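>>> 3D, please:
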Amino acid sequence: MVGERKCPYYTQELSVDAIAAQFSTLLHKKQSIIDIESLYEEGEKLHLCPYYASHSLLPTIEFIAVPYNFIIQPSVRKSLSLNLKDSILIFDEAHNIVDCVKGIFNQSISLIQITSLSSQTAIYFEKFKLRFKGSNQVNIQTIIVVLERLNVFCNQFQSPKTKIISVSEFFHLSNLEGVNVYELQRFIEIFGLDKKIQSYGNLDNKRKYRLTSIFTFLSSLTNDDSNGKLMLYFEGICEQRIPHPLR
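Numbering: from 1, shown residues only. As a prediction, the model looks like this:
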């Protein structure tokens, strides 16, 4: 939907599989490579959504062309149901891959981001804590504790201006050893916690921070940390610089 208008190609009468079936028949008749423009044109002719059609047809397609990040970034591959097993990958302009990987996997979180999310989550929890089931209550309380400990960790350093520490040292100093960040990250996504806390906290702050970004950051730190380092900037930013293998 765009505003109050529905997409003219969206219909509840046909399932995604039915839409894909119509496109599949059309593509086999053409016996040629179909690009984005062709999909768009055929979608207009059939009054069907080419996005859902192409997404559903991915498992049967022999060749696809996508940007680097669609291949390199696991979360994007997952969202598009791209399975690289038994696939042949060809990278055009491959000299850009290193910069692409750095851009995707160098992550940072800021102190203001941590404090804002901590406040929002705590206010939301206090308002609805009597309605939560046991496991949901425990998970949200644990998230609040994690944010509070990150806050303390970032505030305990005053000098020098920049400091580099190992991943294991970070988890020890922040008192986050033993916390299952993967489980908390999954809970945030399934429970939709980011959307639920948006109305709480400092409403004057127009920037919307996401818990998902904090726990994605922490989850990535739990990978092999033999070369993992964190660079702390004392203006209030904790930045991660860790090389990630393609997986």
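>>> Run through the chain and note the low-pLDDT ranges.
1-20, 22, 24-32, 158-160, 201-207, 223-228, 234-247 (pLDDT under 70).
>>> mind listing what's buried in stretch 73-92?
Of the residues in stretch 73-92, 73, 77, 82 count as buried by neighbour count, 16 or more other CB atoms under 10 Å. Quick note: C-beta positions are derived from backbone N, CA and C, even for glycine.
>>> Kindly indicate which of these lies nearest residue 105.
Of all these, residue 105 sits closest to residue 73, with 8.3 Å by CB to CB.
>>> hang on, the closest one packs against residue 101?
No - using CB atoms under 8 Å, residue 73 is not in contact with residue 101, being 9.3 Å away.
>>> so which strand or helix has the residue nearest to the spatial centre of the chain?
In the chain, the C-alpha nearest the mean C-alpha coordinate belongs to residue 75, at 6.0 Å (CA atoms, centre = their mean). Element membership for residue 75 (DSSP states H and E) is helix 74-80.
>>> domain parsing for this structure?
Here the domain parsing of the chain from automatic domain parsing is 1-65, 66-102, 106-241.
>>> Among those, pick out the one with the most neighbours on average.
Greatest average neighbour count among the domains of the chain goes to domain 106-241 (a mean of 16), per mean count of other CB atoms under 10 Å.
>>> hey, where'd the strands end up in the protein?
For the chain, the strands defined by DSSP state E cover 107-110, 162-166, 229-233, 237-241.
>>> Using a markdown table, please lay out the ones you listed together with distance to residue 23.
Listed next are the strands of the chain as a markdown table, based on distance: least, CB to CB, whole Å:
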| stretch | distance to residue 23 |
| --- | --- |
| strand 107-110 | 37 |
| strand 162-166 | 51 |
| strand 229-233 | 47 |
| strand 237-241 | 41 |
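>>> Let me see the contact set for residue 188.
143, 194, 211-212, 215 (CB atoms under 8 Å, 6 or more residues apart in numbering).
>>> do you know how far the residue nearest to the centre of the chain is from residue 141?
To residue 141, residue 75 is 26 Å away according to CB to CB, to the nearest Å.
>>> distance between the longest helix that the chain contains and the chain's centre?
Counting residues, the longest helix found in the chain (DSSP state H) is helix 134-155. Centre-to-centre, helix 134-155 and its host chain are 20 Å apart (CA atoms, centre = their mean, to the nearest Å).
>>> I'd like to know which elements it is packed against.
Contacts defined by 3 or more CB pairs under 8 Å, 6 or more residues apart in numbering; DSSP states H and E place helix 134-155 against helix 111-128, helix 181-191, helix 211-221, strand 237-241.
>>> The first one - contacts with which helices or strands?
Using 3+ CB pairs under 8 Å, 6+ apart as the contact definition, the elements that helix 111-128 packs against are helix 134-155, helix 193-197, helix 211-221.
>>> The ones you listed into a markdown table, with extra columns for distance to residue 176?
Listed next are the helices and strands packed on helix 111-128 as a markdown table, based on distance: least, CB to CB, whole Å:
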| stretch | distance to residue 176 |
| --- | --- |
| helix 134-155 | 6 |
| helix 193-197 | 19 |
| helix 211-221 | 7 |
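>>> Between the ones you listed, which one is closest to residue 65.
helix 211-221 (27.2 Å).
>>> Please save the CA atoms from that closest one in CSV.
Below are the C-alpha coordinates for helix 211-221, written out as CSV (Å, rounded to 0.1, in the frame of the first residue of the first chain):
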residue,chain,number,x,y,z
LEU,A,211,16.9,-3.1,19.0
THR,A,212,17.6,-5.3,16.1
SER,A,213,20.7,-3.3,15.2
ILE,A,214,22.1,-3.7,18.7
PHE,A,215,21.6,-7.4,18.9
THR,A,216,22.8,-8.0,15.3
PHE,A,217,26.0,-6.2,16.4
LEU,A,218,26.3,-8.4,19.5
SER,A,219,25.5,-11.6,17.6
SER,A,220,28.2,-10.9,15.0
LEU,A,221,30.7,-10.6,17.9
